[in-house]
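Novice: Predicted model and sequence below, questions to follow.
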Amino acid sequence: MRTMLKRPTEEETDLGGFQLFKKLTDEELNRLNFEKSCSAYRKGTIVYREGSRLTGFYCVTKGIVKVFKTGIDGKEQIIRFAKKGEIIAYRSLLSQELACTTAKVIEEAVLCHVPYQTLLFLIQNNWQFSHHMLQIVCRELREANDYITDIAQKSVRERLAEVLLLLRESFELDHQNTLQISLTREELANMVGTATESVIRLLSEFRQDNLIELQGRKIKFLNIPGLRKVAGI
């Protein structure tokens, strides 16, 4: 169930910055803006749950959303973090399946819901939009293949270093080289696919090796080439 905040501003509901919609005609863009519905979400809010039936996909215009699957033992496996300019819930919608993931807000967010019928209209009427959607799906498939390969062939130490570098690539660093997303040790473990205790131990080792500096949940990068070497990249 979503928790409502104050009404989003016009700037926060603007989809003009999304690469996906750059090639829409004025008519298509007007229809998109008319049929979308945008809401603000508090941190901790579940946007949709695994196994639910989706009525559309979501565009993230503010904040960060964690997308994850839940294992038999209730443990989360984090698939990705979606930030401003990215979309979620599109794959299950395109395949007309129940939601295969859960989405949870980890930083106060604004999401715009685009109905399924709007998606169908854009796919059927704009080949450039369809091509871009296909590219997004293919990229997600490539990332899934990369993850399977890493799980099979890399050590936990290598995978953690790679996850840190991927987070740096996605969220960048501030002027002090500190990662601009705050994650718990459990969330990092759920990304790597290991126990929380292992991540705590390895982060301590990375700190001792002067690869990173730990400031509570914040991670400051000290030696990026060194992390790349550990990750085998």
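Specialist: It's in.

Novice: Report the contact partners of Lys104.
Specialist: Lys104 is in contact with 44-47, 65-66, 68, counting by CB atoms under 8 Å, 6 or more residues apart in numbering. C-beta here means a position set from N, CA and C on the backbone, and glycine is covered the same way.

Novice: Name every strand pairing with the one helix or strand it maps to and say which way it goes.
Specialist: For Lys104, the host element (DSSP states H and E) is strand 102-115. According to DSSP bridges, strand 102-115 forms sheet pairs with strand 37-41 (antiparallel), strand 46-48 (antiparallel), strand 56-70 (antiparallel).

Novice: sorry, back to before: please list only the buried members of the contacts of Lys104.
Specialist: Applying 16 or more other CB atoms under 10 Å to the contacts of Lys104, the neighbour count classes 45, 47, 65-66, 68 as buried.

Novice: In JSON lines: the residues you listed, plus distance to Val230.
Specialist: Output for the buried ones among the contacts of Lys104, formatted as JSON lines (distance: CB to CB, whole Å):
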{"residue": "Thr45", "distance to Val230": "36"}
{"residue": "Val47", "distance to Val230": "34"}
{"residue": "Val65", "distance to Val230": "29"}
{"residue": "Lys66", "distance to Val230": "25"}
{"residue": "Phe68", "distance to Val230": "25"}
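
Novice: still on that earlier bit, got the buried residues for the strand holding Lys104?
Specialist: Quick answer for strand 102-115 (16+ other CB under 10 Å): 102-106, 109-115.

Novice: go on, stretch 213-227?
Specialist: 219, 221, 226-227.

Novice: End to end on it, go ahead and measure it.
Specialist: With CA to CA, to the nearest Å applied, stretch 213-227 spans 12 Å between its terminal residues.

Novice: what does stretch 17-37 give?
Specialist: End-to-end distance (CA to CA), stretch 17-37: 17 Å.
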